[in-house]
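Asks: build me a model from this:
(3 chains)
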Amino acid sequence: MDNTTIICRCEEINQEEIEEAIQIGAETFDDIKRLTRCGMGPCQSKICMNLVSSIISEKTSHPLSQVPVPRLRIPLRPIQISTLATGSSNFSSVKSVMDEVELDERR
Amino acid sequence: MEITNHPTLGKQIDEEVTFTFEGMPLTVQKGKTVAAALMTHRVRKLGVSRKLIQPRGLFCANGRCCSCFMTIDGKEHVRSCMTLVQNGMNVLQNNSDPNVRK
Amino acid sequence: METDVLIIGGGPAGLSAAYETASRGLNVTIIEETWYLGGQLVQQTQSFEDMPNHYRQLCGFEIAENLIKKVEPFGIHVLTDHTLIGLYENGEMGISNDRDVFPVKASKIIMATGAAEIAVPFPKWTLPGIMTAGAAQILINRDRVLPGTKTILIGSSSFAFELAKQLHEVGIEVKGIVEQQSDIVLQNNCLIDEIEKLNIPILKNTKVIEAEGKGQVETLVIESNQGPQRIDVDFVCLDGGRNPILEAFLIANCSLSYRKILGGWVPDYDLNFETSSEGVYVAGNSTGITSKAAIFLTGSLSGISVCESLGKINSTEASQMKNLFWEELYQVEQQVNLEGWNSRLKHIEGYMGPNSHQSLSGIGRKING
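Replies: Residues are numbered from 1 along each chain as shown, chains lettered A, B, ... in the order given. Here you go, the predicted model:
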């Protein structure tokens, strides 16, 4: 492993970029996500979650049990917007996505 | 390279299907995914990454990593490891982000 | 759509839970992301010593066939090519088959999402041809395709050794099993002997420096005390271990706890395998990865709990059944993974609180004794 090793395959974020985020105070996956886009590509952190948690744990000396998993959003799998919006045989799923967004902002 | 005489699973010869990859017709025995069908013909590069434009191929084979995204029958960013190859399928490399304005 | 029991995942745990619930008259729906039932067993051509007794002589794919046959008579509603994409506000599960999205209303949900492989990063590990060990096994045994002609395995668990054997059997040249540490992970000496007989080098104290190749992997550079070595390969298999698949639990707001021995973050659950979200149960490797037997037995246990809570089985019978399953699990795990067994009990106790200690202390060990 060197600093240029890609950790997040989707957004192509390397070790160095993650370490930089930690240096300026990131302590959780979500912090790193907001700073770098790590984990925000099509796989939605399914592959890099463990790798990033290990780096955080190593660099911050927090045990892995104190490095929370990233917040997950729906849809859990890649799905076309057209399916999500118009392919719904019931109440629009896009509506429930929007509900979640609003909830988030109220926090 | 297909395994027709498997040491544990025995002999199996299935019906053939023909699909196209970048316009080139390829034939494989049915019952495998698009990613596996391409590997039969030694095609490992299935597309490129979105930022650094580096080659990508099958990685997890379980529909999780999205490294095997391809354009299949006009639909972009389909997981080729979760899609069974069909007769007449039109398969293209994944070379860019989706064109949402189409 | 409405169903008594919605099972997420049609692998061994989901099928075990389906058998217990459907055979007792419940309306059961399984959603499965792939086009077939059986999960990861389908590409396993090896047998497992840490299986329940009656499965020990069979290969993985034969066990899958057995299980599928076993549930067949009960009219389970199987939705293959369907996946969970989210949760509606009213608690209904959002299911999609890529063309349609629809809610499923279930009295009880059993999540049997399984485990996923952990990646092993090194410079240029994103090159085509570098894949997880599980992916290589899927290619040779499920899809019957050779991923290449020459490979190297990174990681030394029993799975890596089994895979090395299987790759060799289909005619692939396996150039080594690479382990960074001074000891390999696998403990089974027979398997080590077998690999040595096949002249597959076991490279300890060896780390991966980088991959090279134009458009796909062509060389893997490794380094040991004797210096760097360039290995000519056309594919590489990564064995980084596995951890529970959590997405579905996070979506359902189930609390998690970190248990290294169980595979990392694991959803919290009580003795009935019910999570912190009421009516949501867990089964299989997503309860923690301890033994193959646990996959089936936790599936059965969650199934029995669901039957009990829906009044399909009385509490006396339920507790007898559960004791049998727990006992069987203990029988297996005291031999192969006592640490895993203890960690699972600790995990349950951690969630249920100190008062649960008594009900947990004799578990698996009481019957006929």
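Asks: quick one: C:Val332 is in a helix?
Replies: Yes: with DSSP: H, G, I helix; E, B strand; the rest coil as the criterion, C:Val332 is assigned to a helix.
Asks: contacts only, for it.
Replies: C:50-52, C:291, C:293-294 (C-beta atoms under 8 Å, 6 or more residues apart in numbering or on different chains). For the C-beta atoms, the positions are set from N, CA and C on the backbone; glycine is no exception.
Asks: go again with 6 Å.
Replies: C:50, C:291, C:293 (C-beta atoms under 6 Å, 6 or more residues apart in numbering or on different chains).
Asks: kindly report the same for C:Leu191.
Replies: Per C-beta under 6 Å, 6+ apart, neighbours of C:Leu191: C:Phe161.
Asks: can you do 10 Å?
Replies: By C-beta atoms under 10 Å, 6 or more residues apart in numbering or on different chains, C:Leu191 lies in contact with C:46, C:158, C:160-162, C:164-165.
Asks: tell me, what residue is most central in chain A?
Replies: Nearest to the mean C-alpha position of chain A, by C-alpha atoms, centre = their mean, lies A:Gly39 at 3.7 Å.
Asks: point out where the stretch 251-369 of chain C drops to low pLDDT.
Replies: C:366-369 (pLDDT under 70).
Asks: what residue in it comes nearest to chain A?
Replies: Per C-beta to the nearest C-beta, C:Tyr258 is where the stretch 251-369 of chain C lies closest to chain A, at 3.6 Å.
Asks: tell me which helix or strand that residue sits in.
Replies: strand C:256-259 (DSSP states H and E).
Asks: could you find the closest non-adjacent residue to B:Val85?
Replies: Among residues not flanking B:Val85 along the chain, B:Ala37 sits closest, at 4.2 Å (C-beta to C-beta, 6 or more residues apart in numbering or on different chains).
Asks: a strand runs through the one you found, doesn't it?
Replies: No: counting by three-state DSSP, B:Ala37 is not part of a strand but helix.
Asks: contacts only, for it.
Replies: Contacts of B:Ala37 (C-beta under 10 Å, 6+ apart): B:2, B:17, B:19, B:21, B:26-31, B:43, B:80, B:83-86, B:89, B:91, C:143, C:145.
Asks: likewise C:Ala119?
Replies: By C-beta under 10 Å, 6+ apart, the neighbours of C:Ala119 are A:7, A:9, A:46-51, B:59-60, B:65, C:125, C:130, C:132, C:238, C:240.
Asks: what is the nearest of those to C:Tyr36?
Replies: Nearest to C:Tyr36, judged by C-beta to C-beta, of these is B:Cys60 at 17.4 Å.
Asks: quick check: the closest one touching A:Lys46?
Replies: Yes: counting by C-beta atoms under 10 Å, B:Cys60 touches A:Lys46, with 8.4 Å between them.
Asks: give me every residue that touches residue 46.
Replies: Going with chain A. Per C-beta under 10 Å, 6+ apart, neighbours of A:Lys46: A:10, A:39, A:72, A:76-77, B:60, B:62-66, C:116, C:119, C:245-247.
Asks: actually, chain B is the one I wanted.
Replies: Counting by C-beta under 10 Å, 6+ apart, B:Leu46 touches B:21, B:34-35, B:38-39, B:55-59, B:67-70, B:80-81, B:91-94, C:128.
Asks: just the buried ones from the residues you listed?
Replies: B:21, B:34-35, B:38-39, B:55-59, B:67-70, B:80-81, B:91-94, C:128 (16 or more other C-beta atoms under 10 Å in any protein chain shown).
Asks: C:Cys307 touches C:Lys108, doesn't it?
Replies: Yes: using C-beta under 10 Å, C:Cys307 is in contact with C:Lys108, at 9.3 Å.
Asks: let me see the mean pLDDT of stretch B:1-8.
Replies: The average pLDDT within stretch B:1-8 is 90.
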